[in-house]
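Novice: got a predicted structure plus its sequence, pasted below:
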Amino acid sequence: MKKVLIILGELADSDIEWLMRNGRKRKISRGTVLVTEGKQIESLYIVLEGMFSITVKALKNREVARIGVGEVLGEMSCIDSRPPSATVTSVTDSVVLDITRSDLMKSLKSDLPFAARFYRAMAVFLSDRLRGTMNRFGYGEDEPLDEDKEYEDELDSGVLDNVALAGARFEGILHRLRGN
């Protein structure tokens with residue numbers, strides 16, 4: 001769930017309200033391909049329930065990751081408009097918050113403070129994901145443990161300040177979408 005906390009911690013309450021108003025809750029059946037590598041997608045997805053498998057053609061469709069509750073999908077294509085670099089398939093019956101790229105881009109162009117917060121959130125999110133990927137492939141694996149160094153599963157201290165607020169926001173989103 002760490003990834004959505006990074007994003008929600010950077011956004012304002014009004015941004016979260018915009019996501020709730022403009023996103024739609026979408027149920028995804030087990031085995032459904034949500035994102036196909038190389039095929040343009042039209043949405044950004046926040047995983048609310050379930051689990052997804054990430055596979056890459058260049059690795060003979062090997063699974064490279066599993067993504068669960070609180071993770072974000074389609075973020076790179078949302079930012080740079082290029083087709084996805086991986087295929088995402090639901091491993092379980094799942095639920096996502098589907099935010100169309102066209103709606104998001106309209107809002108980002110018309111609301112500059114939202115755009116600044118959103119792009120900062122995506123930069124921090126993608127930086128965290130890249131660091132995790134580098135660690136997974138063994139970058140720096142011969143280095144001794146350093147207490148002052150941040151590791152793959154640690155949150156940046158600047159992001160940490162917003163974790164409680166972000167967690168409360170995510171719980172609020174789940175609560176509202178479940179109709180409770």
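Specialist: Noted; the coordinates are in hand.
Novice: the helices in this protein, which residues?
Specialist: Remark: helices of the chain, listed N- to C-terminal, are 2-10, 13-22, 75-80, 101-110, 112-136, 157-160, 163-178; assignment by DSSP state H.
Novice: which helices and strands does the first one pack with?
Specialist: Under the contact definition 3 or more CB pairs under 8 Å, 6 or more residues apart in numbering; DSSP states H and E, helix 2-10 sits against strand 72-73, helix 112-136, helix 157-160, helix 163-178. C-beta: built from backbone N, CA, C; applies to glycine.
Novice: swap the cut-off to 10 Å and go again
Specialist: Secondary structure elements in contact with helix 2-10, counted by 3 or more CB pairs under 10 Å, 6 or more residues apart in numbering; DSSP states H and E, are helix 13-22, strand 43-49, strand 72-73, helix 112-136, helix 157-160, helix 163-178.
Novice: ok, which of the ones you listed comes nearest Ser29?
Specialist: strand 43-49 (12.3 Å; CB to CB).
Novice: pLDDT of stretch 83-102, averaged?
Specialist: Per-residue pLDDT over stretch 83-102 has a mean of 96.
Novice: ends of that stretch, what's the gap?
Specialist: As for stretch 83-102, its first-to-last residue distance stands at 15 Å under the measure CA to CA, to the nearest Å.
Novice: Arg30 and Glu49 touch, don't they?
Specialist: No: the pair Arg30 and Glu49 fails to qualify as a contact (CB atoms under 10 Å) at a distance of 11.9 Å.
Novice: higher neighbour count, those two?
Specialist: When Arg30 is set against Glu49 and neighbours are counted by other CB atoms under 10 Å, the residue ahead is Glu49, at 17 against 12.
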